[in-house]
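Visitor: Model the following, please.
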Amino acid sequence: MMQGYGTAFVAMFNGAGNRLWGTYHGGDNGARCDAICHDGAGHLYLTGSTSSSTGIALGGHQNTIGGYIDAFLSKISDTPPVCDIAISSVQATAATCPGADDGTLTIAAACTTCTGIGYDISGPVSQSNGTGIFSGLPDGLYTVTVTDTGDGTCTAVQANVSVGAGIDNTPPVISCATGMTLVFNGEDQFLMTNYQTQLVTSAQDACDGANLTYTYLPASISCAQVGQTVNVQVTICDQNGIPNCNSCTVPVILTGLPCGWSVDPGHIDCNDCGAGYDPATNTFQATAGSVSHTPYSGSPDQYAFVQTTLCGNGELIAHVDGLDGLGKGWAGLVMRESNAPDSKKFQLMTGLDYLQHRVDWRYNSGGLNQTQNFSRYGQHWLRIVRTGPIFQAFTSWDGVNWGIPVNTRVIPMLGCLEVGLITTNVPFATNVTATFSGVQVNGSAPRPDVPEAGTPAQGQFLQAYPNPTNGQLTLDLSSFPEQGATLEIVNAFGQLVDRRRLAPIDTATERVDLSTQAAGVYLIRLRLDDGRAEQVQVVKM
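Guide: Numbering: from 1, shown residues only. Next up is the predicted model:
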């Protein structure tokens, strides 16, 4: 090594052509190349000088000190630098649930000759970052690309990988009620789908959340089941292609009133009245709260009222079993146009011999309440018969033998009436409860829908002709073939003038002779063995 205005140097390379050390590698001042040489191994050597004092080459050693011009040496290989960028692993995580789009990819790559690498994925979605960690991915096939983000001398490398679809093998987690009570009040049935929140307190699925399907067994509960406890099985399924399901059973207690019966919250002008039904004994209860309606009262009606509907001709029968405040109230039957306190009505009541029996009626809505008191000791079977506008009241010891009517009124009313059981207190008494048994409503046709304009009304099933008659008439029985029945004929006073057994009905007609009877109105009733009753009113001239 020499030192001075000019400088010489020596550089050493190993057998592989890698420089072990060298002088300055050029710089920001004067520099020149003095000579180029080539060795048998294909290496190229540059020699020259530089006046720079910066930038010792990678692996170089400063071997000249203080010269005005310092020497340098560079070697250029005829093969490009070795690029070692490589993908070491690609890890895919499937989506947690079908369609969840939450799969992941984690890519591990290395490059010792790169100053930086980048990661790209393409497929159902495309993303890029410098970490190699990707999330929120839909399922599908992806192409992974790792690139040199430094000087770009390394060729990008790729790999293919799949993100699996989510699989749901877990049923919903559910919690159901320990029990539930349904109260029938005029409803024919309850649909269980309407009581989902009462039956199921919580239901959640890991994949579908609250988006679940519900089925119920049974799907509905009928009013005919009042008094029973029905076990309702609720099955809850997720939205998986092959659903995962869970189920529970809820005991549902059925209370309230039997089919066709109901209680209006206001009864008849009584907001604190009550009513009930005991299916074990088939008895009704009506509690009069704080109301009172005495005989001959000019005030509006006030009664506890358990009601059903009678359309057309028919009868209402019940036995008053008891009053829990003897001498403090009345209980009985009523037929009325509506629940309005001043509605047209016809009613029959008993005080169980502590108070006289009574019949009340009102000819016109808003009109005067009229009363007839009478005594029928021990006769607490009560019956009201409607034949067109004619209403008749009967009492009986046994509910079979009725005798003559205690009262008959002609009150034009609507075709369909509100009928049922009533209770009221004497003045200053409260909460008298009556119990009724043997309750029957016979002859009622279903309440008709509102007919369309021009639709003719349907005739009665039981028909008589000619009507009016001079005595001889014919009954049309063609609607009742092969049925067992009893035919009854009752005069306007409720007296039975004829009864005959028709078992079975094997002819289309039946002759009736009223020629020996007095002129007037007669009710011909056909009591069928299946419990139905059909009737027709005839006039004897």
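
Visitor: Report the mean confidence score over stretch 203-221.
Guide: For stretch 203-221, mean pLDDT rounds to 95.

Visitor: just checking, what's the longest strand in this structure?
Guide: When every strand of the chain is counted residue by residue (DSSP state E), the longest turns out to be strand 245-256.

Visitor: hmm, who's touching that one?
Guide: 171-185, 199-200, 221, 223, 225-238, 277 (Cβ atoms under 8 Å, 6 or more residues apart in numbering). From N, CA and C alone the C-beta is placed, and that goes for glycine too.

Visitor: can you tell me which of the residues you listed are in helices?
Guide: Taking DSSP state H as the definition of helices, the contacts of strand 245-256 contribute residue 199.

Visitor: Could you write me a PyMOL select line covering just the buried ones among the contacts of strand 245-256?
Guide: Provided next is the PyMOL selection string for whichever of the contacts of strand 245-256 are buried by 16 or more other Cβ atoms under 10 Å:
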select buried, resi 171+172+174+176+177+180+182+184+199+200+221+223+225+226+230+232+234+236+237+238+277
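
Visitor: Just give the number of residues close to the residue nearest to residue 301 when sequence neighbours are not counted.
Guide: Spatially, and ignoring its direct neighbours in sequence, residue 301 is nearest to residue 341 (4.6 Å; Cβ to Cβ, 6 or more residues apart in numbering). Residue 341 has 17 neighbours, counted by other Cβ atoms under 10 Å.

Visitor: Residue 341 and residue 263: what is the separation?
Guide: 16 Å (Cβ to Cβ, to the nearest Å).

Visitor: do the same with residue 425
Guide: Note on residue 425: its distance to residue 263, by Cβ to Cβ, is 18 Å.

Visitor: Kindly report the same for residue 510.
Guide: From residue 510 to residue 263 the distance is 41 Å (Cβ to Cβ).

Visitor: Give me the secondary structure label for the residue nearest to residue 301.
Guide: Here residue 341 is coil, with the state taken from DSSP: H, G, I helix; E, B strand; the rest coil.

Visitor: Just confirm it contacts residue 305, I think it does.
Guide: No: here residue 341 does not reach residue 305: they are 10.8 Å apart, not a contact under Cβ atoms under 8 Å.

Visitor: what's the overlap in contacts for those two?
Guide: Counting by Cβ under 8 Å, 6+ apart, the contacts common to residue 341 and residue 305 are residue 268.

Visitor: hang on, the earlier thing: show the model's pLDDT score for the residue nearest to residue 301.
Guide: Note on residue 341: pLDDT of 96.

Visitor: Comparing residue 425 and residue 263, which residue is more hemmed in?
Guide: residue 425 (25 against 21).

Visitor: coming back round to it: contacting residues around the residue nearest to residue 301?
Guide: Taking Cβ under 8 Å, 6+ apart, we find residue 341 in contact with 268, 269, 300, 301, 302.

Visitor: Can you pick out the most distant pair from these?
Guide: Taking Cβ to Cβ as the measure, the contacts of residue 341 span a maximum distance of 8.5 Å, between 268 and 300.
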